[in-house]
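S.K.: Predicted model, plus sequence, below.
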Amino acid sequence: MSRSVLVTGGNRGIGLAIAKAFAEAGDKVAITSRSGEVPAELAAHEVLAVKCDITDAAQVDAAFAEIEEKQGAVEVLVANAGITKDTLLLRMSEDDFSSVIETNLTGTFRVVKRAATKMLRARKGRVVLISSVVGLLGSPGQANYAASKAGLVGFARSLARELGSRNITINVVAPGFVDTDMTAVLSEDRRKEIVAGVPLGRYAAPAEVAAAVRFLSSDEAAYITGAVIPVDGGLGMGH
């Protein structure tokens, strides 16, 4: 059965792979991004692209209204949109910190709250938040990003307890280093250094993260909620 799926930040990288996986499975997929454009990789699928900056509550409401009108109330929400502003603590400005929290954590709060209103009425729903191994391990120069991604875990687990009686599951996927445009800009030496710390000895493919998200959104995962699923090649073991 085709469901109404929303992937925030679905125009590139992990979000794009997730949107493609749902579309190929026959779901009705909407993506949000600041550009509002349909990526070339999704041109073969009937994907609804909506312009939305998740730091703006009015834009979030407008995006959901458009999605609900064109493909129905969101039944599966994947909160993936996020930014980085990496720098060491003593060089980190107030804006470097607050803007990352505002997008990655507060922005996720906005989209989940908006989706949950309709899920509660329907007495069913799937929510998957995209965190990061960095939120569990920590990383020098990423105190803002790590704080935002760690915050998603507490947020998800609180909502899992709050919404579980209505058949709404809330889970977290925590990717490690994934082969995307964001990691492609790293130097070869830095890439080798990263891979050396990963037990499986390689980066993840975006499709491997998408597979975990699709599983958590499936009927087979109906009894999984409040979980943090690592897709990190073993990098974050014990966390």
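M.R.: Structure received. Because the structure is predicted, anything quoted here is derived from the model rather than measured. Residues are numbered from 1 along each chain as shown.
S.K.: Just the mean pLDDT for the longest helix seen in the chain, thanks.
M.R.: Ranked by residue count and defined by DSSP state H, the top helix of the chain is helix 143-163. The pLDDT scores in helix 143-163 average 98.
S.K.: which helices and strands does that helix pack with?
M.R.: helix 94-101, helix 107-122, strand 125-130, helix 134-137, strand 168-175 (3 or more C-beta pairs under 8 Å, 6 or more residues apart in numbering; DSSP states H and E). From N, CA and C alone the C-beta is placed, and that goes for glycine too.
S.K.: What residues of it count as buried?
M.R.: 143-153, 155-157, 159-160, 163 (16 or more other C-beta atoms under 10 Å).
S.K.: low-scoring pLDDT stretches of the chain, where are they?
M.R.: Applying pLDDT under 70 to the chain flags residues 1.
S.K.: 90 - rerun?
M.R.: Applying pLDDT under 90 to the chain picks out residues 1, 39-40, 43-44, 180-194, 238-239.
S.K.: Centre-most residue in it?
M.R.: For the chain, the residue nearest the mean C-alpha position is residue 80 (2.2 Å; C-alpha atoms, centre = their mean).
S.K.: okay if I get the helices and strands packed on helix 143-163 as TSV plus distance to residue 53?
M.R.: Output for the helices and strands packed on helix 143-163, formatted as TSV (distance: least, C-beta to C-beta, whole Å):
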stretch	distance to residue 53
helix 94-101	12
helix 107-122	8
strand 125-130	18
helix 134-137	22
strand 168-175	23
